Structures are given as structure tokens and as C-alpha cells.
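1. below: sequence and its predicted model.
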Amino acid sequence: MNESPVSISLSSYGADLVRQRGQLSFVALLAAAGADRIELREELLTHEVAADVASAIEQSGLGCVYSSPLELWLAGQSKPNPELADTLNRAQAFGARWLKVSLGYFTDTHSLPALARCLAQSPVQLLVENDQTLHGGRIEPFQRFFTAIEAQALPVQMTFDIGNWQWQDQSAANAARLLGRHVGYVHCKAVRRRADGKWIAVPPSPGDLQEWEQQLQYMPQGVMRAAEYPLQGEDLVQLTAKHVATLAGLGQARLESAHV
């Protein structure tokens, strides 16, 4: 039985280190650690050449998710973000099969036919994530969005960021129950509140892992998941491998019992 595919968001290694080393250098690290996918971060790009990164990813056998801070819907606009087409092209140039963006300001006046036309021009799968904002980090707008997406049969799935729900005081467990069937990618992120009241991402505790197991029950079996929390240590390959194994095993008992 194959375990579920695991991605590593390069933001996990810290913005300074990633910008210093360049994202290309992490391809070999993730492959050596046994990861299945690499999540490139658009906001951390420096002097990377897309063709070189795409070639290295292909040769390593990794899959690729391209993460962009782009908001799919802008305030007061009925059509999707005009930068979406270029971002899809950029993701493809870097060798990505998936593009992850934020929802943005979705309302019932938005033009899904315009989104469909844009998506039809690209082989890249669109994943829409809950972020930490008031407009893009609550459950209800995603319910409306995916109800509309289903009605139009558009090829869009959700990136379910477990930790981000906390920023808007939303229940991740409730979000999983209501939105789980739309999920194609899970950002695994434990969060804690600092003394100053700010939420920060931290590595998961055993309790966090148990909660993630429960949330995954509402999502497609074997759904792709990613580490998006600090991975910092002397031996990054060994540390990454440990977390890859942990995340790959989440929900594995359910997956195996389904094939008995």
C-alpha cells in the first residue's frame, strides 16, 4: 500500500535561508528526504531560472506545486484576477502541475465563465486556499464558492490550510466537515498564540496530529498533504524525512482498511 503523497512548502525552511540558497537547491534535499512534491513559493523567488528549476524537478521525480500570493477575486471586480493567466503560465514554466492561490473577495456577482475560459488555456490544476484574512479566511465564502464551482463543473479544488482558520477564529474541524470533499491539497500547520497575542506556525504536537487525522476523514482518501511549519535544524534532510514519514502516515489506517 502506497502512503499518501507529501509535499514540503519551502517556506518551512525560513524566508532568509530560502532566498539565500535559492529554491533550486532544495530540489535535491526534498528528493533525498523522500518527499513526493515540492511547493515553490513565488514570494521567495530571487534569481531562479524557471527552466532550470523545472528540469531539476523532473529529473528528481518530484511533483511540483507553485504557490502564489495572488487573490483569485479582487474587490469590486466580476472577472477573476487579470494576473491569473500569467501566473498559470509561470507555474507551468517552473514545472508545476498545481497552482495554489488565495480565494480573495468572492461574491455572487463573480463571473465563473470568465474563470472557466482562463483555466481552459492551461494544463495546471488550480487550488484555492483559505488564507488569514477576513475575506478569504472564513468558511462561509468557501461554501458559496464551491457550490458555484460544482454547479459549473469547473476543475478547481481547495487547499485546506489547517492552521489558517485560527486567524479568523474559525473551527478547522467544522471547516473539514463542511468543505472536505472539495479538498485536493492540505497544508498541515500547527499554530500557537504567542505572549503578544500573535498566532505563529509551529511543528505539530501528538495532539495536533490526532486532530489532523480526524479532519482527513472528511477529505478524499490519500489526499496530498504538505508541511508548512518550521523545519529548522542541523541536518535538514534527516529532519525533513522524519516529517515526511509522519505526514504520509496520517489517515493511512483508514486508507488500508478501505482496501481490505
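-> Thanks, I have it. Residues are numbered from 1 along each chain as shown.
2. pLDDT-wise, which helix or strand of this structure ranks last?
-> In the chain, the helix or strand scored least confidently by mean pLDDT, DSSP states H and E is helix 252-257, which has a mean of 58.
3. stretch 222-239: how far from the chain's middle?
-> On the basis of Cα atoms, centre = their mean, to the nearest Å, stretch 222-239 sits 14 Å off its chain's mean C-alpha point.
4. I'd like the average pLDDT over it.
-> Averaged over stretch 222-239, pLDDT sits at 97.
5. and that stretch, what's buried?
-> Applying a neighbour-count criterion of 16 or more other Cβ atoms under 10 Å, one finds 222-231, 236, 239 buried in stretch 222-239. In short, each C-beta sits where N, CA and C put it, glycine included.
6. low-confidence ranges, this structure, go.
-> 1-2, 253-260 (pLDDT under 70).
7. the buried residues of stretch 222-239 in helices, which ones?
-> Those of the buried residues of stretch 222-239 mapping onto helices are 236, 239, per DSSP state H.
8. just give me the closest of the buried residues of stretch 222-239 to Arg192.
-> Within these, proximity to Arg192 (Cβ to Cβ) peaks at Tyr229, which comes in at 10.4 Å.
9. which other helices and strands contact the top strand by length along the chain?
-> Taking DSSP state E as the criterion, the chain has its longest strand at strand 63-73. Judged by 3 or more Cβ pairs under 8 Å, 6 or more residues apart in numbering; DSSP states H and E, strand 63-73 is in contact with strand 6-9, strand 37-41, helix 50-60, helix 84-93, strand 98-104.
10. and the third one, what does it pack against?
-> Read that as helix 50-60. Counting by 3+ Cβ pairs under 8 Å, 6+ apart, the packing neighbours recorded for helix 50-60 are helix 25-32, strand 63-73, helix 84-93.
11. and Tyr185, that one's in a strand?
-> Yes: membership of Tyr185 in a strand is supported by DSSP: H, G, I helix; E, B strand; the rest coil.
12. just give the nearest non-adjacent residue to it, would you?
-> Using Cβ to Cβ, 6 or more residues apart in numbering and skipping the chain neighbours, the partner closest in space to Tyr185 is Thr159 (4.5 Å).
13. what residues are bridge-paired with the one you found?
-> Note on Thr159: beta-bridge partners by DSSP bridges are Glu129, Tyr185.
14. got a list of what it touches?
-> 100, 127-130, 183-187 (Cβ atoms under 8 Å, 6 or more residues apart in numbering).
15. with Gly22 instead?
-> Neighbours of Gly22 in contact, by Cβ under 8 Å, 6+ apart: 46-48.
16. swap the cut-off to 10 Å and go again
-> By Cβ atoms under 10 Å, 6 or more residues apart in numbering, the contact set of Gly22 is 44-49, 52-53.
17. before we move on, what about Gly251?
-> Gly251 makes contact with 3-4, 186, 212-217, 219, 221-223, 225, according to Cβ under 10 Å, 6+ apart.
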